[in-house]
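Trainee: Sharing a model that was predicted from the sequence below.
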Amino acid sequence: MSFERYDELAALVPTEIVTHSYVQDVTLPEGAGVLALITLDNDLDHAKPTTLGPNTLIEFGRTLEGLKERAARGEISAVAVTGKPYFLVAGADLSTVKSVRSEHLGRLMAELGHEAYDLLADLGVPSFAFINGVALGGGLEIALAATYRTVSSGANGIGLPEAFIGLVPGWGGVYRLPRLVGPANAVKVMIENPLSNNRSLDGRAAYELGIADALFEPADYIEQSLLWAARVLKGGEAAQAVEQRRAERAQYDDAAWTAAVAAGRAFVEAKTSNAAPAPSRVLDLLEAGLSLSQKESAAAECTALAELMQTPEFHATVYAFLDLVQKRGKRPAGAPDKKLARPVSKIGVVGAGLMASQLALLFARQLKVPVVLTDIDQARVDKGVAYVHAEIDKMLSRKRLSQDAANRTRALVSGSVSKDVFADADFVIEAVFEEMSVKKQVFAEVEAVVSPECILATNTSSLSVAEMAADLVHPERVVGFHFFNPVAAMPLLEVVRAPKTDDAVLSTAFVLAKGLKKNAVLVQDAPAFVVNRILGRMFGEITAVFDEGTDAETADNALRPMGLPMTPFRLLALVGLPVGQHVQESLHTAFGDRFHVSANQQKLIDAGLKGLWEKQEDGSSVVPERTLALMDRANSPSSSEEVLHRTQDALADEIGRMLDEGVVAAPEDIDLCMIMGAGWPMHLGGITPYLDRVGASERVNGKRFHQG
């Protein structure tokens with residue numbers, strides 16, 4: 001077998017950072033023979049993840065060819081693959097993949113991965129994968145091709161995220177995974193997790209699911225994996241335990257396989273309205289794979305990969321994921337030098353409601369510093385602290401936290417009815433009712449007890465940070481720190497700079513955001529900042545067309561071609577009609593009639609209704625006649641196409657105004673905010689390129705947001 005036919009592909013990427021395959025022989029204990037241990041390493045520190053490009057795969061394949069020859073000569077009894085610290089492999093190099101601009105080259109890339117991985121699966125001796133860290137996409141597929149797998153309990157970032165980035169698990173994962181963990185669990189890993197904010201598994205979850213056969217602690221992970229490999233090679237109890245455990249986790253029949261595919265299709269429809277091709281293609285491969293051989297499935301995977309690599313949705317996703325989330329998101333535009341940041345060793349949270357409690361948990365868990373909640377009475381304080389403790393208990397029961405970590409995190413969170421507990425805090429954030437007078441009073445009370453260096457942050461979603469700070473002795477210490485709900489899941493953090501906010505305060509906010517594992521974007525102090533202003537304009541258009549007489553089905557579903565994760569009326573119900581109305585009223589006050597405030601929505605609120613739609617016993621949703629009877633609506637309905645066109649133009653108009661006002665530095669920051677804070681679909685490549693493609697930018701503003 002030769003890899004020379006891939007030279008054409010390798011020549012495309014002379015700048016590829018090659019992940020090398022370094023081999024060392026390890027003499028196993030108990031007379032188990034010699035194991036050839038491959039370590040995948042790009043010779044860079046852990047800030048530069050190992051990835052897979054053509055040259056990497058060619059070197060890996062040739063290394064395996066050599067080891068297969070050694071196995072045939074009886075020189076080795078097994079082969080194992082592991083990675084440099086914190087990584088097995090972080091997946092394919094997207095910079096490389098996006099440069100593959102023909103189906104011919106795309107097919108070559110797909111076939112190259114299969115050729116290399118098939119060698120690992122058929123070396124003539126058992127193969128092992130030691131998953132010591134991140135194993136995504138092609139990285140996990142390396143492990144799946146091995147005969148046996150161990151995983152570190154410290155590993156994070158394990159999964160097959162291809163549906164999220166516009167591809168399919170095209171190097172055997174879509175075939176091998178369901179046979180290992182069952183089709184329902186395979187759908188969870190290949191569809192549900194990727195389409196849920198690109199969630200991944202940690203080491204413990206991967207082990208429980210059955211992806212790995214053994215779980216070891218990080219401190220001596222490789223040593224324990226080698227000892228375990230020796231026991232498996234000797235046969236007996238260790239090998240029998242693996243077979244028994246696999247048999248338990250991979251119990252399924254044809255009906256279960258069919259049901260898993262159907263559930264996956266329903267999930268894709270609910271999440272994306274089938275607006276992107278990749279998730280459905282994954283399920284097509286899974287469905288067909290039930291009756292295919294591994295070789296037949298590989299051919300179908302190669303075709304799917306070659307075709308999907310050329311789609312506009314894939315290239316839009318690469319822009320959104322690589323250029324925005326991975327690059328711009330990690331180097332926020334306008335953030336001050338991190339050396340200016342102040343140390344934060346204690347955090348105060350004003351409020352003990354749901355949002356405040358979520359913040360307290362996040363701070364304690366990620367920053368590992370004491371966090372104290374305050375509220376107006378002991379019952380509210382106790383409820384907030386109890387919420388945090390209950391969430392920690394849930395994580396412990398689901399094995400997302402160890403007992404020691406749970407105990408430590410629980411001990412970090414306390415509560416009080418007195419703001420005096422903030423006297424030694426370095427950072428205090430308010431999460432109280434969205435009313436200016438309330439927030440100003442809170443900040444005045446906090447400033448009276450904290451040190452002059454203590455930073456005051458607000459989680460406001462729409463109010464002026466400058467006005468909030470106007471009466472303080474030190475307004476320069478105030479910064480907006482706007483999280484999105486649910487706090488643990490939503491990755492965006494809008495960091496709001498008021499006119500007097502100083503650089504040290506701003507720098508501290510960005511450093512904290514990174515510690516919290518959030519994507520921070522610098523925004524100026526303008527009403528509703530970025531995400532809520534854009535959503536407010538969208539909600540305004542949809543509620544307006546409904547009030548004008550468009551039926552609810554048409555109004556709520558007209559934006560489905562955008563592939564939004566939730567329809568406007570359903571999102572409003574989730575946020576809460578009173579909250580949505582309050583934000584809309586604030587925007588109307590700030591910007592006038594561009595932001596429609598629906599009198600009908602207020603009537604729903606006054607009647608105590610939670611939303612427009614009501615679920616029926618058969619699972620369908622209707623707007624009940626009694627609800628319609630509450631409202632006054634005109635008789636000028638619009639078609640779906642008219643609603644979509646009108647909303648596109650409204651969004652282009654509002655974003656153009658925001659850029660003219662300098663709310664953010666560039667259109668890319670708008671895109672990043674909408675992706676990370678509103679679930680804007682990756683396959684659309686950001687809201688501003690989308691509005692360029694559909695012509696709204698030029699219709700409204702006379703120019704595109706992105707030139708060229």
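Mentor: Good, I have the coordinates.
Trainee: switch to C-alpha atoms for all contacts and neighbour counts from now on
Mentor: Noted.
Trainee: Ends of stretch 626-646, what's the gap?
Mentor: Terminal residues of stretch 626-646 lie 29 Å apart, using C-alpha to C-alpha, to the nearest Å.
Trainee: what about that stretch, distance to the chain center?
Mentor: How far stretch 626-646 lies from its chain's middle: 35 Å, per C-alpha atoms, centre = their mean, to the nearest Å.
Trainee: residues making contact with that stretch?
Mentor: The contact list for stretch 626-646 (C-alpha atoms under 8 Å, 6 or more residues apart in numbering) reads 541-542, 545-551, 554-555, 557-559, 600, 603-604, 612, 696.
Trainee: What subset of these is buried?
Mentor: Buried subset of these (neighbour count, 16 or more other C-alpha atoms under 10 Å): 541-542, 545-550, 554-555, 557-559, 600, 604, 612, 696.
Trainee: Would you enumerate the residues in contact with the residue most central in space within the chain?
Mentor: Per C-alpha atoms, centre = their mean, the C-alpha nearest to the average position across the chain is that of N197, at 3.2 Å. N197 makes contacts with A489, M490, G679, as judged by C-alpha under 8 Å, 6+ apart.
Trainee: Let's have the residues you listed in TSV, adding pLDDT.
Mentor: Putting those into TSV (pLDDT from 0 to 100) gives the following:
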residue	pLDDT
A489	86
M490	89
G679	86
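Trainee: Using the three-state scheme, assign N635.
Mentor: In three-state terms, and counting by DSSP: H, G, I helix; E, B strand; the rest coil, N635 is coil.
Trainee: How about V151?
Mentor: Once three-state DSSP is applied, V151 turns out strand.
Trainee: what's the spacing between it and F569?
Mentor: 43 Å.
Trainee: the more surrounded of the two?
Mentor: V151 (30 against 21; other C-alpha atoms under 10 Å).
Trainee: That one contacts Y207, correct?
Mentor: Yes. In terms of C-alpha atoms under 8 Å, V151 counts as a neighbour of Y207; the distance is 7.0 Å.
Trainee: which residues are common contacts for these two?
Mentor: Contacts common to V151 and Y207, judged by C-alpha under 8 Å, 6+ apart, are D213, A214, L215.
Trainee: For those, give me JSON lines that also has secondary structure.
Mentor: Converted to JSON lines, these look like this (three-state DSSP):
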{"residue": "D213", "secondary structure": "coil"}
{"residue": "A214", "secondary structure": "strand"}
{"residue": "L215", "secondary structure": "strand"}
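Trainee: so can I have a markdown table of those residues showing pLDDT?
Mentor: Shown next, in a markdown table, are the shared contacts of V151 and Y207 (pLDDT from 0 to 100):
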| residue | pLDDT |
| --- | --- |
| D213 | 97 |
| A214 | 97 |
| L215 | 97 |
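Trainee: Now do the helices in the stretch 501-650 of the chain.
Mentor: Taking DSSP state H, counting those that start in this stretch as the test, the helices found in the stretch 501-650 of the chain are 503-515, 531-547, 552-557, 568-575, 577-591, 599-606, 625-629, 640-661.
Trainee: mind checking which of those helices is nearest Y221?
Mentor: helix 503-515 (26.2 Å; C-alpha to C-alpha).
Trainee: Could you pull out the buried residues of the closest one?
Mentor: In helix 503-515, counting by 16+ other C-alpha under 10 Å, buried: D503, A504, V505, L506, S507, T508, A509, F510, V511, L512, A513, K514.
Trainee: same question, stretch 454-473
Mentor: 454-466, 468-469, 472.
Trainee: do the same with stretch 570-588
Mentor: For stretch 570-588, the neighbour count (16+ other C-alpha under 10 Å) marks L572, A573, L577, P578, G580, Q581, V583, Q584, E585, S586, L587, H588 as buried.
Trainee: now, the most widely separated pair of those?
Mentor: Among those, A573 and H588 lie farthest apart (C-alpha to C-alpha), at 20.1 Å.
Trainee: How about the secondary structure of the closest residue to A276 other than its chain neighbours?
Mentor: In space, A276 comes closest to H683 once its chain neighbours are excluded; the distance is 6.3 Å by C-alpha to C-alpha, 6 or more residues apart in numbering. Of the three states, H683 takes helix under three-state DSSP.
Trainee: H683: how many residues sit nearby?
Mentor: 29.
Trainee: which stretches of the chain aren't confidently modelled?
Mentor: 1, 708 (pLDDT under 70).
Trainee: Most remote residue from the middle of it, which is it?
Mentor: Outermost residue of the chain (C-alpha atoms, centre = their mean): R73, 46.9 Å.
Trainee: and the gap between that one and L67?
Mentor: 10 Å.
Trainee: what touches both of those two?
Mentor: Common neighbours of R73 and L67 (C-alpha under 8 Å, 6+ apart) do not exist.
Trainee: re earlier: can you say which of the helices of the stretch 501-650 of the chain is nearest to Q441?
Mentor: Judging the helices of the stretch 501-650 of the chain by C-alpha to C-alpha, what sits closest to Q441 is helix 577-591, at 19.7 Å.
Trainee: now what about that closest one, what contacts it?
Mentor: Residues from elsewhere that reach helix 577-591 (C-alpha under 8 Å, 6+ apart): 462-463, 527-528, 532-533, 536, 540, 572, 594-598, 601-602, 605, 610-611.
Trainee: ok and that helix relative to helix 568-575, angle-wise?
Mentor: Using axes from the mean of the first three to the mean of the last three C-alpha atoms, to 10 degrees, the direction of helix 577-591 lies 110 degrees away from that of helix 568-575.
Trainee: Okay, angle between helix 577-591 and helix 599-606 too, please.
Mentor: 140 degrees.
Trainee: send the alpha carbons of helix 577-591 over as CSV?
Mentor: Taking Å, rounded to 0.1, in the frame of the first residue of the first chain, the C-alpha atoms of helix 577-591 are listed here in CSV:
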residue,chain,number,x,y,z
LEU,A,577,-43.5,37.9,27.7
PRO,A,578,-43.0,40.6,30.4
VAL,A,579,-39.2,40.6,29.9
GLY,A,580,-39.6,40.8,26.1
GLN,A,581,-42.1,43.6,26.4
HIS,A,582,-39.9,45.5,28.8
VAL,A,583,-36.9,45.3,26.5
GLN,A,584,-39.1,46.3,23.5
GLU,A,585,-40.4,49.3,25.4
SER,A,586,-36.9,50.4,26.3
LEU,A,587,-35.8,50.1,22.6
HIS,A,588,-38.9,52.0,21.5
THR,A,589,-38.1,54.8,24.0
ALA,A,590,-34.5,54.9,22.7
PHE,A,591,-35.1,54.5,18.9
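Trainee: from the middle of its chain, how far away would it be?
Mentor: Using C-alpha atoms, centre = their mean, the offset of helix 577-591 from its chain centre is 28 Å.
Trainee: Please save the CA atoms from the helix or strand containing A241 in CSV.
Mentor: Assigned by DSSP states H and E, A241 belongs to helix 237-249. Provided in CSV are the C-alpha atoms of helix 237-249 (Å, rounded to 0.1, in the frame of the first residue of the first chain):
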residue,chain,number,x,y,z
GLU,A,237,-10.4,-11.6,33.0
ALA,A,238,-9.4,-8.2,31.6
ALA,A,239,-10.2,-9.2,28.0
GLN,A,240,-13.4,-10.9,29.0
ALA,A,241,-14.5,-7.9,31.0
VAL,A,242,-14.1,-5.7,27.9
GLU,A,243,-16.2,-8.0,25.8
GLN,A,244,-18.9,-8.3,28.4
ARG,A,245,-19.1,-4.5,28.9
ARG,A,246,-19.2,-3.9,25.1
ALA,A,247,-22.0,-6.4,24.7
GLU,A,248,-24.1,-4.6,27.3
ARG,A,249,-23.7,-1.1,25.8
